[in-house]
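>>> sequence-free structure coming up:
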């Protein structure tokens, strides 16, 4: 049986998250993704792919009253998400489904979601040297259960026309994101570079894609998160 701990969700008010005491933890990238996601009043249904223990839905719930659906493959991690949702009193707004997101068609019809977010596994499965011995982390970090193209394929199918897709990833894979976005009619509209140390090259990217949109992308000013005290309202349009 895993040892669990209740933590504050960084400095977000009245938000707590259940985590594995000596193992799986939510990442900074999840907070960046949630803050980068700009929600409209018209958005009624949001999907968070690869939701983990639900940090993205928990933050998004501070910005919107829309219904949020998360998909998490690993049972133990999904249970953490369920507990996190419950202790925050968000059972009516957030639902986490313990299933492979590739099976989403068994739960929802195509062209259903107004917004889709994703903090996916970052490493290809041929990057054997990077694999973590912890199974939770291996599945979370490596494209074993799902790869980048499958994510774009699913987003294309289940996002509404003119719906918005937000993804966080490693900066070195930006070219793949652009190519796959064009292939699946999810053209990049905004790109945000993130560096973790001053004078270092950006290591993380946040990309906003819009389904069936025209070409044209805005490159936003790079942000360094070194020694940052809060991630709240880090990007424009992040407030409720």
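Sure thing, it's come through. Note that the structure is a prediction, hence the values are computed from the model and not measured.

>>> not counting its neighbours along the chain, what's nearest residue 19?
In space, and not counting its chain neighbours, residue 19 is closest to residue 25: 5.2 Å by Cβ to Cβ, 6 or more residues apart in numbering. For glycine as for every other residue, the C-beta is placed from the backbone atoms N, C-alpha and C.

>>> which helix or strand lies directly C-terminal to the helix or strand bottoming out on mean pLDDT in the chain?
The weakest-scoring helix or strand in the chain, judged by mean pLDDT, DSSP states H and E, is helix 135-141 (a mean of 52). On the C-terminal side of helix 135-141, the nearest following helix or strand under DSSP states H and E is helix 148-158.

>>> list the contacts of the helix or strand following that following helix.
Using DSSP H and E, the helix or strand that follows helix 148-158 in sequence is strand 159-170. Residues from elsewhere that reach strand 159-170 (Cβ atoms under 8 Å, 6 or more residues apart in numbering): 29-30, 32-33, 36-38, 111-120, 122, 148, 151, 155, 177, 186, 203-213.

>>> what ranges do the helices span in the chain?
For the chain, the helices defined by DSSP state H occupy 28-36, 55-60, 75-87, 135-141, 148-158, 174-183.

>>> and the residue nearest to residue 19, how many neighbours does it have?
Neighbourhood size, residue 25 [other Cβ atoms under 10 Å]: 17.

>>> report pLDDT for it.
pLDDT recorded at residue 25 is 76.

>>> for it, give its distance to residue 214.
Using Cβ to Cβ, to the nearest Å, one gets 40 Å for the distance from residue 25 to residue 214.

>>> same deal with residue 202?
26 Å.

>>> out of those two, which sits in the more crowded spot?
A count of neighbours by other Cβ under 10 Å puts residue 202 above the other of residue 202 and residue 214, at 17 against 7.

>>> so what's the more buried one up against?
Residue 202 touches 171, 193-195, 222, counting by Cβ under 8 Å, 6+ apart.

>>> buried members of these into ChimeraX, please.
Buried residues among those (16 or more other Cβ atoms under 10 Å), as a ChimeraX selection:
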select :193,194,195
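
>>> return the member of the contacts of residue 202 nearest to residue 52.
residue 194 (19.0 Å; Cβ to Cβ).

>>> spatially nearest residue to the closest one, not counting backbone neighbours?
In space, and not counting its chain neighbours, residue 194 is closest to residue 204: 4.0 Å by Cβ to Cβ, 6+ apart.

>>> neighbours of the one you found, how many?
20.

>>> what do you get for residue 57?
Using other Cβ under 10 Å, the number of residues around residue 57 comes to 28.

>>> surely it and residue 49 touch.
No. Taking contacts as Cβ atoms under 8 Å, residue 57 lies outside contact range of residue 49: 11.2 Å.

>>> I'd say the residue nearest to residue 19 and residue 9 touch.
No. Counting by Cβ under 8 Å, residue 25 does not reach residue 9; the two are 11.3 Å apart.
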